[in-house]
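Trainee: compute the structure for the input listed below.
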Amino acid sequence: MKKLIGLIALILISCSGIKAQIIEAQIKTSGQCEHCKETLEKNLRFEKGVKKVEFNIESHIIKVKFDQAKTTIKNIQIAITKLGYYADSLLADPKAYEKLNACCKKKE
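Mentor: Down below sits the predicted model:
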């Protein structure tokens, strides 16, 4: 029993040194409207490590707070492209883009 308690204490002590490294990134995207905002914010919240998502329609910037230990900015950008939007220099997935509402497609 003493060994078990000692082992649990050791695990708790070693885990207490591990802290999430939450950072914020800004990603330029092609979202156009309230529907885009809803789609982007709702879906990105389900990405592993993402803590907070906020899309500004006027600036086309998504602010994402995420845990660096669980995901990367590149993974988040790829998730955005899979929704049909471009993310910085990454182009939107063509099949996903075609499924977007007309109001959500990038104005040329």
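
Trainee: any idea whether the residue lying closest to residue 104 once chain neighbours are set aside is helix, strand or coil?
Mentor: Excluding the flanking residues, the one nearest residue 104 by CB to CB, 6 or more residues apart in numbering is residue 36, at 4.9 Å. C-betas here are computed from N, CA, C, even on glycine. For residue 36, the assignment made with DSSP: H, G, I helix; E, B strand; the rest coil gives helix.

Trainee: was I right about residue 36 contacting residue 86?
Mentor: No: Residue 36 is beyond contact range of residue 86, at 11.8 Å (criterion: CB atoms under 8 Å).

Trainee: point out where the chain drops to low pLDDT.
Mentor: The model of the chain has pLDDT under 70 over residues 1-20, 107-108.

Trainee: buried stuff in stretch 77-85?
Mentor: 77, 79, 80, 81, 83, 84, 85 (16 or more other CB atoms under 10 Å).

Trainee: kindly report the same for stretch 40-47.
Mentor: For stretch 40-47, by 16+ other CB under 10 Å, it's 40, 41, 44, 47.

Trainee: ok, the last one to residue 102 distance?
Mentor: Spelled out, that is residue 47. 26 Å (CB to CB, to the nearest Å).
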